[in-house]
Each structure stands twice: as structure tokens, then as C-alpha cells.
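S.K.: heads up, no residue letters with this:
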């Protein structure tokens, strides 16, 4: 690796689109995300990247509340990333578009939508903790979208840092084929640099942030280990890369460029994960991370041509990454900016488009006009005249565009794959404190739900309460805080409620009749439904099994609408029904009195009748919990988990520290962090994420139903 010095010239202000559009060839563009578990050092790493690339002139610190990428008030107060922030910087004549993502599981939607539009990722891991719960989650998300990545093992200067153990955890828990391209020089407080196994030399990192890394020969006490590690690296690469294998078996000289080319080919193909290390807070190793991004992560040209559906023919079409083909982009984020209004972030996959151009939203079949085009630097904006292939930008003026929508040319309409988000698992009631707040509440909730697809708002028809749902206590707490600060809405908040669901356990058939005869035109709807349990997490499936002319085809959608409506409250306990397959297979109609409304009512009646006979059960969300505690407190922590109906999956011991892996019902997890701290004198930490839905035990269900009747 060859670094080009600490600070590279940034584009001069005022040059606008002339500097930003195709001043960099497409093969010199990198779209990357910084992803990791909470507190692994993502934002600290990003802040150093911005400093060393010349994007900022002062190093921002998370703990001081001065981080550029953590621009929200709530982020600076809590010291965590809540919303993904985009920026652009330059390194070695490459343009790098970066998205810094949250690490807390409550904000997993931000990671999901970011990975959907990125070409590569830098996974930051804590050298002490290794692979943590949310590390696995973001890794699975990256796998789902086929995002090539490199791993940056951070915090090598901390007590307990272990480079090889962390690599072992990556291979064991993430099932990754790792290739170490560096070795650390020194451990813990003595960590001073790295051995570059590709170039076969060492880099020593100075303590002063503005000084360049110093190139030195490999220290004598590391020469043998480095030689063996380099040989292992080349062997691993040759096993997977045919071009390198030919040179290896023929005993040809394998040069630095041969190794770099092989690492790049295998990383882009998602067959290996290169490993680098450093200490971001101490400014060690960041330049080499940037070199690895440029050398090994893909450009838009390295990704397969974009697959899409032609909205006219319904056929699959391919859009290569090129400025010369029709424009196509994906809107991946909507933000209500208090200064400029509604911002829509989008990634351009092909073509180019200018300010003021008319584009087509293929997801909603509407035409839109692009307002101002902006390159984002966290919450700061730089106006440009044009965006091109590979660009990540934001725009004003798209009133009817939402997260996951496809933007394209009107005459070349295509649909890209949408972004799928997890369902909320926790709810609470909110109500305005005064009449003045009532009007503002609806607007605030509408704009926040536009921004965040995992934030749901509904009205309880029985109580008239407004119910908000999200991914966790912190998620809803932050959104309520934003309501008060950004929108000036004062609200009262109810206690958190678990988002229970119901499902059926046996297949049944049920009849639905809706017959009303009045003085004039009557109502007649009659159908038979077969209700069957589906696989867990399969959702709802409706099947038209009517044969012959018993029910006209025009009434089938009305029956489905009635069934869907009844699913929301159709269970015995009033919870939404999930994982069911409903088939309409028979019925009758009246030539005069039948109507869509009558069949909708019949479908709803049949579903409720059938569910009552189908032995319904209540499902509760189960959280995957990882508690890290000193060994001396392990018994108390396990006892507390058992008292919360927890199920211990496994226990790992690292020196004096124990990591407890378990599953705990969400209903029993409220206030767990506080309880854990009090049990362990504040020395234990935990992380929790939603894992699956499971049947509520009969004894607990009886208590729930008794409380419900009491209310």
C-alpha cells in the first residue's frame, strides 16, 4: 500500500457540478458504508477519514459532542448515532461517498436502507469485545444485499485487545473467509503501528494527528511471524484465485500488484474479507483503511448490471452503470429539514440528470420535477447542477416520493427492488397536552413516519387513542423527543406496550353471510373460507380457490379486503393475525342485491367465525440478549435472566469477563439495562435485538387476558 500523504486537496467551493460530475472516472468512485455494533467506533473512524482526506480541518470527537456526522441534538447528548449521515471526500484521486450508519438495533432501518444503495462496506469491530450481537445483524444485512466488505479491527490500543481472537470470532460467528493483510506492531498501550503484509514493510503511527505514518523495515522480533503470515495470505489468495494460483504453482515471482489485484478480485466477488487494524481514537491506521477502500472495494463498474422490471412489458431488464444509458435511481431516505424542507436522498444507478428535469416515479406512477440538487455533508449542503452515475445526492421538490421508490426517465420506466423493513415490536399511546398541540401532533407524526418506515402510527378505534409503534424503547423515546424539539408538540406518553400478534394452529372452514333486506335494494354476500396456519414469519396469503361461477370474479377482491380488515383485530384477544393462509373456495350471490360492500362484510364475518374455531394462540416478540459481565457477577445475572423467562443459549468466558447469550421475551425486558447495572455495580453491559415471535405460555396468557378484562 502506498499512502499519498495526510491531506489531499478538496474541490474549491463554488465550482459546483463542474468539480463533482465525472471529474472522477466511474472506476474511481467508491460508495461505502461504515457499519458496526454500537460503540465499536464507526463515527470516530468516519471523523478521522474526513480529517485525513481534507474534508474537515478539525477532528470531531463523539465524546465531546463535536462529531460532524453526529449532527442531531439527540446524537450529541447521548453520544450515539441515530440517523445515517452521508458525505463525500477524496483520496488518491478517488471520490468516496460515505454513509455513517447507527449501531443501535433500534435504528436498524437506517442500516438496511443504506446497505441497499451502497457498493461496499467497512465493518468496524472492537478488538476487545470482538464480534458482538449487532455486528452479526449488520453482517447479515450486508450479506442480504451482497455488499463486499473489509474489516477494520479498531481499539487495538485498549487493554484486552486481541487481534487474532477477533479474527477467529469473525470466522466462527460470521462464517467469513478472512485474509489478514496487516499484523499489529505491539499490543494494548504499546500498539504503535502495523506490518503491511502486501508490501512487506511496516508503518509506525506518530502520536501527533497531523504527522504522516512513518515507513520502516519490519521489526526484527516480528520478521519470522510476518513472513509466515504473508506466506499464509498468499496461499489463501491462491486457493480462491485462478490467476494467482497459476503463478504460485509455477513458482513464478508474485509481486505486490499481483497480490493487490487478487485481493480486489476476490473482495469484489464477496469471496474474502480483508482484515486491517488500528486505533481510530488515537488516529492510528486510518490512512491504510482509506488505501484498502480504494484498492479493494468495488466501484459501480465492478457491480453486476442493475436488474429491474420494465413496467410496460413486465420483463426483466438490465441497466449497466453508465452515464450514457437512461436515468435510473432509488430514493432511500426522506428527511424533514427544518431549514430547506423535505429532502429526498437518492442513489443514481445509471444515466445523469440536471436540476429542473422532469422525472418519473415508477413506484407511484407520477411525474415529478427535480428541484435543487444537493451533495450532503451530514446536515450541511453543497448545491450542484447535475448528478451522474454512482452519485449519492439529495433533492428538494419531490412531494410524492417516499423511501424505496424508483426514479427514472418517463419513456424508460423501470421498477427497482424495494427496500424491506422489519415490523415494529413495541407500542405506546400519545396524546396532545393542549388543543393547540392537537393540530401540530398529526403533522409531526406524519412527517416522522415519512422519514422512518419502521415508525408506525394508528388510531385505536375502541379508545380513540393515537398509538405509535417502533423498534424499541430508545427508538420511541428519541422520536418523542424530536416531536417536542423540532415540531414544538407537547405530548403525554403512556407506558410501552408489547406488539403481540395472534395466529391459528389448525385448519378450519368457515361461512360468512351478510344479508340485509330493507324496503328497497338489499345487501347479499355469502362466502366460504378455508383458514390454515402458515409458516412462521410468512405473513398473510390470500388464495382464490373458487371454481365455476359461484362467485363472480369482481367480488373476490372485496372478500380479500374484508379478510385483511378483519386480520387487524380478528383474533380472540384483539391482536393482529399473522402467518395465515386464507382460501375462498365457495359461496353464492344474488343477481340484484349482491355488492362489493356485502362481500367485504361476508369475508370479514367468515374470518372471525373461523379464527374462533382454529385454536388461535398469542405470539410475543422474543429478543436476543447479549450480556457482558465480570465473572464474579455471572450467577446474579443468570438468575435475573431466568426470572424474566429467559432461555440461556450459551456462555463464553474471556479472562475475567463472561458473555451470556440468551433469549428474553420483550415484555420482560423493560428496564433491563438499569437492573443489570444495579446487579453488577455498573460494570456489566448488554445489547438486545428482536429475533423472532414465539407462543406465549398458557399461564402468562391467562394473566394477560385477566388484566385486559380488568381494564
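M.R.: Looks like it came in fine. Everything numeric in this text was worked out from a predicted model, so none of it was measured.

S.K.: C-alpha only now, for contacts and for neighbours.
M.R.: Fine.

S.K.: residues contacting residue 141?
M.R.: 111, 112, 115 (C-alpha atoms under 8 Å, 6 or more residues apart in numbering).

S.K.: What residues does residue 606 make contact with?
M.R.: 510, 511, 512, 513, 527, 528, 529.

S.K.: and of those, the nearest to residue 95?
M.R.: Of all the contacts of residue 606, residue 529 has the smallest distance to residue 95: 58.0 Å, by C-alpha to C-alpha.

S.K.: so where does the closest one fall, helix or strand?
M.R.: Counting by DSSP states H and E, the secondary-structure element that holds residue 529 is strand 523-533.

S.K.: what about that strand, distance to the chain center?
M.R.: In terms of C-alpha atoms, centre = their mean, to the nearest Å, the centre of strand 523-533 is set 39 Å apart from its chain centre.

S.K.: Need the three-state assignment for residue 168.
M.R.: Using DSSP: H, G, I helix; E, B strand; the rest coil, the secondary structure recorded for residue 168 is helix.

S.K.: That one: neighbouring residues, count only.
M.R.: Residue 168 has 16 neighbours, counted by other C-alpha atoms under 10 Å.

S.K.: same check, this time on the one 4 residues further on
M.R.: Other residues within reach of residue 172, judged by other C-alpha under 10 Å, total 12.

S.K.: With residue 574 instead?
M.R.: 14.

S.K.: Not counting sequence-adjacent ones, nearest residue to it?
M.R.: Nearest residue to residue 574, sequence neighbours excluded (C-alpha to C-alpha, 6 or more residues apart in numbering): residue 568, at 7.9 Å.

S.K.: So that neighbour versus residue 469, what's the distance?
M.R.: As judged by C-alpha to C-alpha, to the nearest Å, residue 568 and residue 469 stand 15 Å apart.

S.K.: Please identify which of the two sits among more neighbours.
M.R.: The neighbour comparison of residue 568 against residue 469 (other C-alpha under 10 Å) goes to residue 469, with 24 against 15.

S.K.: hang on, isn't residue 355 packed against residue 383?
M.R.: No: Residue 355 lies out of contact with residue 383 (C-alpha atoms under 8 Å); the separation is 10.0 Å.

S.K.: tell me, what's touching those two both at once?
M.R.: Joint contacts of residue 355 and residue 383 (C-alpha under 8 Å, 6+ apart) are 372, 373.

S.K.: Could you give the number of residues near the residue lying closest to residue 644 once chain neighbours are set aside?
M.R.: Closest residue to residue 644 apart from its sequence neighbours, by C-alpha to C-alpha, 6+ apart: residue 668 at 5.3 Å. With neighbours defined by other C-alpha under 10 Å, the count for residue 668 comes to 16.

S.K.: isn't residue 668 right up against residue 640?
M.R.: No: if you go by C-alpha under 8 Å, residue 668 and residue 640 don't touch, sitting 10.5 Å apart.

S.K.: what's near enough to touch the closest residue to residue 636 other than its chain neighbours?
M.R.: Leaving aside its sequence neighbours, residue 636 sits nearest to residue 679 (C-alpha to C-alpha, 6+ apart; 6.9 Å). When contacts are counted by C-alpha under 8 Å, 6+ apart, residue 679 touches 633, 636, 637.

S.K.: how deep is the second one tucked in, by neighbour count?
M.R.: Counted with other C-alpha under 10 Å, residues neighbouring residue 636 total 13.

S.K.: Ok, the last one next?
M.R.: Residue neighbour count, defined by other C-alpha under 10 Å, stands at 23 for residue 637.

S.K.: Name the SS class of it, please.
M.R.: helix.

S.K.: Would you mind measuring from the nearest residue to residue 319 once chain neighbours are set aside to residue 586?
M.R.: Of all residues not flanking residue 319 in the chain, residue 306 sits nearest, at 4.9 Å (C-alpha to C-alpha, 6+ apart). Computed as C-alpha to C-alpha, the residue 306 to residue 586 distance reads 44 Å.

S.K.: Ok, residue 632 next?
M.R.: In terms of C-alpha to C-alpha, residue 632 sits 65 Å off from residue 586.

S.K.: Which one of these two is surrounded by more residues?
M.R.: Comparing residue 632 with residue 586 by other C-alpha under 10 Å, the one with more neighbours is residue 586, at 19 against 12.

S.K.: Would you agree the more buried one falls within a strand?
M.R.: Yes: with three-state DSSP as the criterion, residue 586 is assigned to a strand.

S.K.: Next one, pLDDT for it please.
M.R.: If you check residue 586, the pLDDT there is 85.

S.K.: partners of it in the sheet?
M.R.: residue 528 (DSSP bridges).

S.K.: so it touches residue 529, yeah?
M.R.: Yes: using C-alpha under 8 Å, residue 586 is in contact with residue 529, at 7.4 Å.

S.K.: ok, now which ones touch residue 123?
M.R.: 34, 35, 36, 149, 150, 151, 152.

S.K.: that older thread, between the contacts of residue 141, which sits nearest residue 30?
M.R.: residue 115 (13.4 Å).

S.K.: pretty sure the closest one is touching residue 149, no?
M.R.: No: counting by C-alpha under 8 Å, residue 115 stays clear of residue 149, with 11.1 Å between them.

S.K.: For the stretch 601-711 of the chain, just list every one of the strands.
M.R.: 617-630, 647-654, 657-665, 685-695 (DSSP state E, counting those that start in this stretch).

S.K.: Which among the ones you listed is found nearest to residue 277?
M.R.: strand 647-654 (20.6 Å).

S.K.: Tell me where the model's unsure across the stretch 201-350 of the chain.
M.R.: Applying pLDDT under 70 to the stretch 201-350 of the chain flags the ranges 338.

S.K.: Revised request: answer the last question for the chain.
M.R.: 1-23, 58-83, 103-106, 338, 378-379, 460-464, 518-520, 570-571, 705-711.

S.K.: got the contact list for residue 395?
M.R.: By C-alpha under 8 Å, 6+ apart, the neighbours of residue 395 are 343, 344, 345, 370, 371, 372, 373, 374.
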